[in-house]
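S.K.: Okay, sequence plus prediction incoming.
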Amino acid sequence: MMKIKIAEKEKEISSFRKQANIALPLQDEAYTYEGLMKEFKLYLKPSNIAFYESSLKLIFNLRPEQKDSEDLRFPKPIHPVKTIISGWQCLLSKLIEAENQQDAEEINKNALLDVLALHKKTLEKLDPTLFKIVNEHAPCQNCVASSKVRALDQ
């Protein structure tokens, strides 16, 4: 009985990931801030939209203070584009999964915090306030595992 429930849950998670992969397919070019927000907003709770906008603007160097200072800019990606897209797909799949859950608002926020936790050193320098929040989170283990697998494929 327990194996059946686990198999059903894995199938359900796989379905969310498939939806995310369709919405954000692998491609040669990285996604833009606008492209990601368009997809994320479909599943975000209204209370989390500003948090996502602000955090993604930081990553994409779109905050006003980042335009004039190299020291405040998020560094260029060190991962291949497909690894980065896989991370965005992972985040979107969590948003899709949480869409109809009672604690969707918290899941929305925690999903982004887990992704941001992959960049704690950068956040500590660029946004100490956000870093304090992110520092309590472990990096998304799906993203960590995916980046290791993709690194081996290179």
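M.R.: Cool, got the structure.
S.K.: And stretch 70-79, what's buried?
M.R.: Along stretch 70-79, these residues count as buried under the neighbour rule (16 or more other Cβ atoms under 10 Å): 72-74, 79. Where C-beta positions appear, they are placed from N, C-alpha and C, glycine not excepted.
S.K.: those helices in this protein, which residues are they?
M.R.: With DSSP state H as the criterion, the chain has helices at 2-23, 33-41, 46-59, 64-67, 81-98, 104-116, 120-126, 128-134, 141-153.
S.K.: Need those helices in CSV (columns: mean neighbour count and mean pLDDT).
M.R.: Written out in CSV, the entries for the helices of the chain read as follows (neighbours: other Cβ atoms under 10 Å; pLDDT from 0 to 100):
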stretch, mean neighbour count, mean pLDDT
helix 2-23, 12, 70
helix 33-41, 16, 97
helix 46-59, 16, 96
helix 64-67, 12, 92
helix 81-98, 21, 93
helix 104-116, 20, 93
helix 120-126, 16, 93
helix 128-134, 15, 94
helix 141-153, 14, 65
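S.K.: I'd say residue 92 and residue 43 touch.
M.R.: Yes: Residue 92 is in contact with residue 43 according to Cβ atoms under 8 Å; the separation is 7.3 Å.
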